[in-house]
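>>> sequence and predicted structure, then a few things I'm wondering about:
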Amino acid sequence: MILPPIPTPFDRKGHLDTEAFRELAEALEPLVDGLLIYGSNGEGVHLTPEERARGLWALKPRKPFLVGLMEETLPQAEGALLEAQEAGAMALLATPPRYYHASLGEGLVAYYQALAERMPIFLYHVPQNTKVDLPLSAVATLAQHPRITGIKDSSGDLSRLAFYQAHLRDDFRVFTGHAPTFLGALALGAEGGILAAANLAPRAYRTLLDAFRSGRLAEAQVLQKRLFPLGDLLAKGGVPLLKQALRHLGLPAGYPRPPYPEESPFWPAFLPKLESLKEEGWIL
């Protein structure tokens, strides 16, 4: 499966633009297998509870979708859980609590287990943003819970993917969020990618996935090499770069919420890579 973490559009003053959100989702959804709403690239941490609800109900996804959860406590998570259930999400994608992480102890496992009592949960390991580690021992314990059904790992650490393949149950779903190592993750058992780059080049990553699955490894390797600069620069530039690229392509991605910049310092290096892939037919 290829799922883009869809950006959440804001206007230049930082107001949520629900019409643009719906238009962007409708443009992307036919090209992919589903969506992640309010992931890292969806600026889930920048939304009020009221905005989360309003944005989620503005979308009418027809394909499977995940909803990101980046709260610190179970009471804070309550509203987001209910909204995701009512909207028909296949699972919540939840980061670990961060601010007092050093004091969390066994509360980390208890947090995810409590969430899973309400609906299916995907673990979310994204240390470049959360600045905390989701320990492999905790992942192994949590993977035994029948309603903790998968993980998105955006670290790019392929040794973690090897651990998942060796130690977790066969039906535990593993997705990578790191486009520069997408092919390596597939080789280590990942089902697919939840990739920022799939907002721009969904057909390219689908082609790579299909080539790998059908045993056309040389073709997959060539395409991974071709796509590497796109994924690598997006990993460095983050939300401002992704939204700038989508705006350049005429899609209503809006702007990052202030104080984050409208334009990325990576744009001059990124634009020729984007245009080259567009000329080859790989961009949207």
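Right, received. Where do you want to start?
>>> A helix includes residue 118, no?
No. Per DSSP: H, G, I helix; E, B strand; the rest coil, residue 118 lies outside any helix segment and is coil.
>>> backbone phi and psi for it, please?
phi -100, psi -40 (degrees, to the nearest 10).
>>> show me the contacts for it.
Contact analysis of residue 118 by C-beta atoms under 8 Å, 6 or more residues apart in numbering lists 81, 85. Bear in mind the C-beta positions are built from the backbone N, C-alpha and C, glycine included.
>>> that one and residue 89, how far apart?
Residue 118 sits 12 Å away from residue 89, going by C-beta to C-beta, to the nearest Å.
>>> same question for residue 199.
The gap separating residue 199 from residue 89 is 19 Å, by C-beta to C-beta.
>>> which of those two has more neighbours?
residue 199 (27 against 24; other C-beta atoms under 10 Å).
>>> touching, that one and residue 3? I think so.
No. If you go by C-beta atoms under 8 Å, residue 199 and residue 3 don't touch, sitting 10.1 Å apart.
>>> in this protein, which spans are strands?
Secondary structure of the chain (DSSP state E): strands at 2-3, 5-6, 35-37, 65-69, 91-94, 121-125, 148-153, 173-176, 192-194.
>>> what lines up beside the last one in the sheet?
The strands that strand 192-194 pairs with in its sheet are strand 2-3 (parallel), strand 173-176 (parallel) (by DSSP bridges).
>>> quick check: which of those strands is nearest to residue 238?
Closest to residue 238 of these is strand 173-176 (C-beta to C-beta; 17.0 Å).
>>> which outside residues touch that closest one?
Residues outside strand 173-176 that contact it (C-beta under 8 Å, 6+ apart) are 1, 3, 122, 149-154, 161, 164-165, 168, 182, 185-186, 189-195.
>>> ok, stretch 7-16 next?
17, 20-21, 24, 38, 41-44, 46-47, 51, 54-55, 199, 239, 242-243, 246, 252-258, 262.
>>> mind checking how far it is from the chain centre?
With C-alpha atoms, centre = their mean, to the nearest Å as the basis, stretch 7-16 stands 19 Å off its chain's centre.
>>> same question for it, mean pLDDT?
Summarised as a single mean, pLDDT over stretch 7-16 is 97.
>>> which residues sit in contact with residue 123?
Residue 123 neighbours (C-beta under 8 Å, 6+ apart): 94, 112, 134, 139, 142, 148, 150, 151, 152.
>>> most neighbours out of these, which is it?
Highest neighbour count within those, by other C-beta under 10 Å: residue 152, with 28 neighbours.
>>> and that residue, what are its bridge partners?
Beta-bridge partners, per DSSP bridges, of residue 152: residue 124, residue 175.
>>> list the contacts for it?
Residue 152 neighbours (C-beta under 8 Å, 6+ apart): 36, 93, 122, 123, 124, 125, 126, 175, 176, 177, 194.
>>> for residue 203, which of the strands of the chain is the nearest?
Of all those, strand 2-3 comes closest under C-beta to C-beta, at 9.1 Å.
>>> model confidence over the closest one, on average?
For strand 2-3, mean pLDDT rounds to 98.
>>> likewise stretch 171-185?
Stretch 171-185 shows a mean pLDDT of 98.
>>> about what we covered before: which of the strands of the chain is buried the deepest?
Mean neighbour count (mean count of other C-beta atoms under 10 Å) peaks for strand 5-6 among those, with a mean of 28.
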